[in-house]
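*Asks:* Turn this into a model:
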Amino acid sequence: MTVSIGVGVGDAADVKQAVQSAVKQARAQLGGAPAQAAYITSTVDYDAARVHAAFREALEGVPLHGVTTSLGVLTPAGVRNEGLGAVAVMLVGGAPGTAFVAYSTEADGRRAGEAAARELVRQSGGKMPRMILFNASPGVEEAMLEGIASVCPDVPCQGGSAADHAIAGQWSVFTQKGAVPSGVSLLGLFGEVRIGTALSTPYSPTGVHARATGTEGRTLLTLDGEPAAQVLGRWMEGSIDDQVRSGGNILAQTALRPIAVRRGLDSRDHYVTVHPAHVHADQGTVDIFARIEPNDEVCLMSGTAEGLVGDVAHLIDMALAQGDLTARDVKGAALIFCAGCAGALGPRIDEGLRTFSRLLPGVPLLGLCTFGEQGHIPGLGNVHQDLSLSLTLFADARP
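*Replies:* Down below sits the predicted model:
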């Protein structure tokens with residue numbers, strides 16, 4: 001049996017009605033194939049535990065996986081959320097063994113990744129997945145990916161981190177057991193399926209750079225020996241002067257002018273984009289949404305709203321090329337769109353999303369806005385970064 005993908009969206013005020021509507025739409029697209037796993041999402045307008053319970057009831061016996069989304073559910077017609085909330089589900093249909101789900105709530109990121117990956121492999125009878133859909137709470141995604149790689153080397157991971165509307169910690173990870181505030185969930189794809197993946201950084205280097213001389217987890221202490229806040233303030237040419245003096249949130253000011261770590265590859269460079277989040281004026285430090293290591297080359301990047309809109313087409317082309325797919329091959333798609341990019345675009349995000357209808361007409365799409373994105377970069381492996389777009393395309397294996 002070949003792979004089947006069905007996607008449904010619901011936005012009724014009653015969460016149970018919203019979930020039932022989404023599941024009905026998704027099942028109708030499976031062509032009678034039994035669902036082997038469900039990738040679910042919702043905005044935090046609904047109670048996460050009630051969302052999970054409603055999906056468990058509507059999809060009895062189907063393993064659940066996913067995270068909450070910021071802003072709304074992303075569809076080929078645009079963002080879906082009229083203000084009361086939205087839910088969505090992507091059903092993966094096929095023969096038994098097509099997909100498995102595993103999770104871990106271990107506090108240590110590496111151990112969590114290892115535990116979830118081991119469980120995936122155990123369920124498959126020792127087989128390696130063709131790829132893994134990765135979703136986790138924000139904080140230690142790099143360590144989680146390292147743990148997965150220790151169990152499933154060279155297996156691509158694509159995904160995004162749980163989000164809410166205001167970085168208030170209201171996000172949830174949907175695991176097979178329930179909705180949890182912290183953890184990792186994996187959906188592994190096995191068997192007769194082809195995958196095309198892409199992770200796009202829709203920014204260009206400005207030529208301005210410095211060496212990270214002091215870091216601590218996801219806090220940037222110093223650049224070229226100076227307080228990181230002072231250096232970043234100069235780079236931002238006045239737009240964060242108030243925060244450098246008094247402290248504060250700088251997410252909006254840096255959404256189109258983020259920083260990145262340059263990673264040199266054989267034929268090109270990859271820039272791991274990092275979103276500066278908060279300045280601590282008393283210490284001169286900057287909180288960030290991804291890890292920077294001591295001695296990393298930190299670069300100032302620049303982008304535009306037009307570039308973000310146009311990057312959706314580039315992302316689709318990259319994923320098709322990576323999987324050696326044509327548009328006619330694609331049975332379904334999972335899109336991860338950084339919430340910071342979405343905020344910078346405002347209503348123009350719908351313009352970018354309509355690219356799917358043009359380039360992949362009729363393809364079921366599940367889209368989320370996240371607080372961190374993950375994807376596979378040849379030569380680097382699986383990476384976590386910010387202000388990015390991640391795409392997975394699903395197709396049948398060749399005869």
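
*Asks:* quick one, what contacts residue 319?
*Replies:* 196-198, 325, 391-393 (Cβ atoms under 8 Å, 6 or more residues apart in numbering). Using the backbone N, CA and C atoms, a C-beta is placed for each residue, glycine as well.

*Asks:* Buried residues, the helix or strand hosting it. List them.
*Replies:* When elements are assigned from DSSP states H and E, residue 319 belongs to helix 305-322. For helix 305-322, the neighbour count (16 or more other Cβ atoms under 10 Å) marks 305, 308-309, 311-312, 315-316, 318-320, 322 as buried.

*Asks:* The next helix or strand after it versus helix 305-322: what angle between them?
*Replies:* Downstream of helix 305-322, the next assigned helix or strand under DSSP H and E is strand 330-338. Computed by axes from the mean of the first three to the mean of the last three Cα atoms, to 10 degrees, the angle separating strand 330-338 from helix 305-322 equals 140 degrees.

*Asks:* What lies in contact with strand 330-338?
*Replies:* 3-7, 39, 74, 90, 133, 158-160, 196, 275, 320, 349, 356, 360, 363-370, 372-374, 386-396.

*Asks:* how about the CA coordinates for stretch 265-278, as CSV?
*Replies:* Extracted as CSV, the C-alpha positions of stretch 265-278 are listed here (Å, rounded to 0.1, in the frame of the first residue of the first chain):
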residue,chain,number,x,y,z
LEU,A,265,30.6,23.6,3.7
ASP,A,266,32.6,22.2,0.8
SER,A,267,30.8,24.2,-1.9
ARG,A,268,29.0,27.0,0.0
ASP,A,269,28.3,28.4,3.4
HIS,A,270,25.2,27.8,5.5
TYR,A,271,24.1,30.5,7.9
VAL,A,272,22.4,29.2,11.0
THR,A,273,20.1,32.1,11.8
VAL,A,274,19.6,33.1,15.4
HIS,A,275,16.9,35.5,16.7
PRO,A,276,18.1,37.9,19.4
ALA,A,277,15.3,38.1,22.0
HIS,A,278,16.1,40.2,25.1
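
*Asks:* List the contacts of it.
*Replies:* Contacts for stretch 265-278 (Cβ under 8 Å, 6+ apart): 167, 201, 203, 205, 220, 232, 247-251, 254-255, 258-263, 286-290, 292, 298-299, 301, 338, 340, 377-380, 383, 385-388.

*Asks:* so how far is residue 382 from residue 150?
*Replies:* Noted for residue 150: a distance of 12 Å to residue 382, by Cβ to Cβ, to the nearest Å.

*Asks:* Look at these two and report which has more neighbours.
*Replies:* Taking neighbours as other Cβ atoms under 10 Å, residue 150 and residue 382 compare with residue 382 leading, 25 against 13.

*Asks:* Let me see the contact set for the residue positioned nearest the centre of the chain.
*Replies:* Centroid check for the chain by Cα atoms, centre = their mean gives residue 160 as the closest residue, at 1.8 Å. Residue 160 makes contacts with 67, 135, 336, 338, 368, 370-374, 390, as judged by Cβ under 8 Å, 6+ apart.
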